[in-house]
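**Student:** okay, structure incoming, though there's no sequence with it:
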């Protein structure tokens, strides 16, 4: 397996050159994380595929989940003699990362996929179609550093594709939208054309959206297990239970992810502007610079709603995401201070041990 096929670009080559200046890393080779287990990783290198764990000093210095390897990461590995196992002492700096807040009350980042060039936001053309959910995904996608692409699946089950398409285009500014059907093959050639050698994409969407079916079509094999959707609400079951990177026949790579019924945003305030350009542009012509778009006179946003140019539900979605991101920012600032304190405590403990010796 060539590194370039796996997506090893100049961005990572430059880091590799710097790593090789460290004598303790001379026996290491670059590899890509293709699967994450509970306490270990499956990595793919030119020399082969191995099970790997992080080095002890790496784990000791890591302060958060985001410091550990994730599917899509490039890592340095040192193969253990006589075994199909390896140790990970270093993770390459990421060129892109799609993150979300972990489920529940814990304020922690979960990396869904890293080092991707394209984020494919998958949504089915049935009763589970949700434009507000798509807005949320778009905010996270713009923040990832990758190019967002929208994939509408199951066109063969939809009698009015055009109306759905108009809804999507009204909120997805400057984003390519592909309508697909795994049954008829519609749109699949267009998706395949995105994955030239070295290009990595990640499939993101809710359960039952057709991600695993799309993966099988692109891989041209029944690689991923698929399940039928529930007839009563058109929602899917969790078929894919883990994130996994697969190499496509075209030479590109694809990361399939478990379905997410809820995507909680993570520190992505700057990307709200990209996802809600229509509201941001209207804001610029409001009478008051600090207009809240509620009851102020000469509010351009409220006028657009009265004129039928902007949906009230889209503005409410904008407000909701604003509040959510403000909350996350407050919490992460507090967490950053705690992490910094914990880091210096570890350093102080290390210095005390050295003095005792």
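**Tutor:** Received the coordinates, thanks. Treat the numbers as computed from the prediction; the structure is a model and nothing was measured.

**Student:** mind giving me the domain ranges of the chain?
**Tutor:** 10-91, 97-256, 269-338 (automatic domain parsing).

**Student:** list the contacts of residue 122.
**Tutor:** 151, 153, 203, 204, 205, 209, 210, 211, 214 (Cβ atoms under 8 Å, 6 or more residues apart in numbering). Using the backbone N, CA and C atoms, a C-beta is placed for each residue, glycine as well.

**Student:** that one - that's part of a strand, no?
**Tutor:** Yes - counting by DSSP: H, G, I helix; E, B strand; the rest coil, one finds residue 122 located in a strand.

**Student:** check it and give its pLDDT.
**Tutor:** If you check residue 122, the pLDDT there is 93.

**Student:** does the residue lying closest to residue 188 once chain neighbours are set aside sit in a helix, a strand or a coil?
**Tutor:** Excluding the flanking residues, the one nearest residue 188 by Cβ to Cβ, 6 or more residues apart in numbering is residue 217, at 5.4 Å. What three-state DSSP gives for residue 217 is helix.

**Student:** so residue 217 sits right up against residue 189, yeah?
**Tutor:** No - using Cβ atoms under 8 Å, residue 217 is not in contact with residue 189; the gap is 10.3 Å.

**Student:** for those two, work out which one has more neighbours and name it.
**Tutor:** Legend: neighbour count by other Cβ atoms under 10 Å for residue 217 and residue 189, higher for residue 217 (18 against 9).

**Student:** residue contacts, that one?
**Tutor:** Taking Cβ under 8 Å, 6+ apart, one finds 182, 185, 188 in contact with residue 217.

**Student:** mind putting those into JSON lines with neighbour count?
**Tutor:** Output for the contacts of residue 217, formatted as JSON lines (neighbours: other Cβ atoms under 10 Å):
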{"residue": "182", "neighbour count": "19"}
{"residue": "185", "neighbour count": "11"}
{"residue": "188", "neighbour count": "16"}
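
**Student:** how many residues are close by residue 272?
**Tutor:** Counted with other Cβ under 10 Å, residue 272 comes out at 21.

**Student:** so it versus residue 190, what's the distance?
**Tutor:** 29 Å (Cβ to Cβ, to the nearest Å).

**Student:** likewise for residue 70?
**Tutor:** 28 Å.

**Student:** these two: who's more crowded?
**Tutor:** When neighbours are counted by other Cβ under 10 Å, residue 70 and residue 190 differ, and residue 70 comes out ahead with 24 against 14.

**Student:** contacts only, for the closest residue to residue 6 other than its chain neighbours.
**Tutor:** Leaving aside its chain neighbours, residue 6 sits nearest to residue 32 (4.9 Å; criterion: Cβ to Cβ, 6+ apart). Counting by Cβ under 8 Å, 6+ apart, residue 32 touches 6, 7, 8, 43, 44, 45, 72, 73, 74, 75, 245, 253.

**Student:** residue 245 versus the third one, what's the distance?
**Tutor:** The one in question is residue 8. With distances taken as Cβ to Cβ, residue 8 is found 13 Å from residue 245.

**Student:** show me which of these two is the more surrounded one.
**Tutor:** residue 245 (25 against 21).

**Student:** and that one, how far from residue 6?
**Tutor:** 9 Å.

**Student:** ok, back up a step: now render the contacts of residue 217 as a markdown table, adding pLDDT.
**Tutor:** Below are those laid out as a markdown table (pLDDT from 0 to 100):
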| residue | pLDDT |
| --- | --- |
| 182 | 86 |
| 185 | 90 |
| 188 | 93 |
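
**Student:** among those, name the ones in helices.
**Tutor:** residue 188 (DSSP state H).

**Student:** redo the contacts of residue 217 as CSV? Include distance to residue 159.
**Tutor:** CSV is the format used below for the contacts of residue 217 (distance: Cβ to Cβ, whole Å):
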residue, distance to residue 159
182, 18
185, 19
188, 21
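
**Student:** in a helix, that's where residue 138 is, yeah?
**Tutor:** Yes - under three-state DSSP, residue 138 sits within a helix.

**Student:** show me the contacts for the nearest residue to it once chain neighbours are set aside.
**Tutor:** Among residues not flanking residue 138 along the chain, residue 275 sits closest, at 4.5 Å (Cβ to Cβ, 6+ apart). Residue 275 makes contacts with 135, 138, 139, 142, 171, as judged by Cβ under 8 Å, 6+ apart.

**Student:** what do you get for residue 129?
**Tutor:** 123, 164.

**Student:** where's it, which helix or strand?
**Tutor:** Assessed by DSSP states H and E, residue 129 sits outside every helix and strand.

**Student:** ok, which stretches of the stretch 51-200 of the chain are strands?
**Tutor:** 74-79, 85-91, 97-101, 109-114, 118-124, 147-153, 177-179, 200-204 (DSSP state E, counting those that start in this stretch).

**Student:** rank those strands by pLDDT, which is bottom?
**Tutor:** Minimum mean pLDDT among these: strand 97-101, a mean of 78.

**Student:** can you show me the helices along this structure?
**Tutor:** Assigned helices in the chain, in chain order: 10-19, 56-61, 131-144, 161-169, 188-192, 211-219, 272-275, 277-283, 300-306, 312-356 (criterion: DSSP H).

**Student:** quick one, which of these is nearest to residue 82?
**Tutor:** helix 56-61 (20.4 Å; Cβ to Cβ).

**Student:** mind giving me the packing neighbours of that closest one?
**Tutor:** strand 85-91 (3 or more Cβ pairs under 8 Å, 6 or more residues apart in numbering; DSSP states H and E).

**Student:** many thanks, have a good one.
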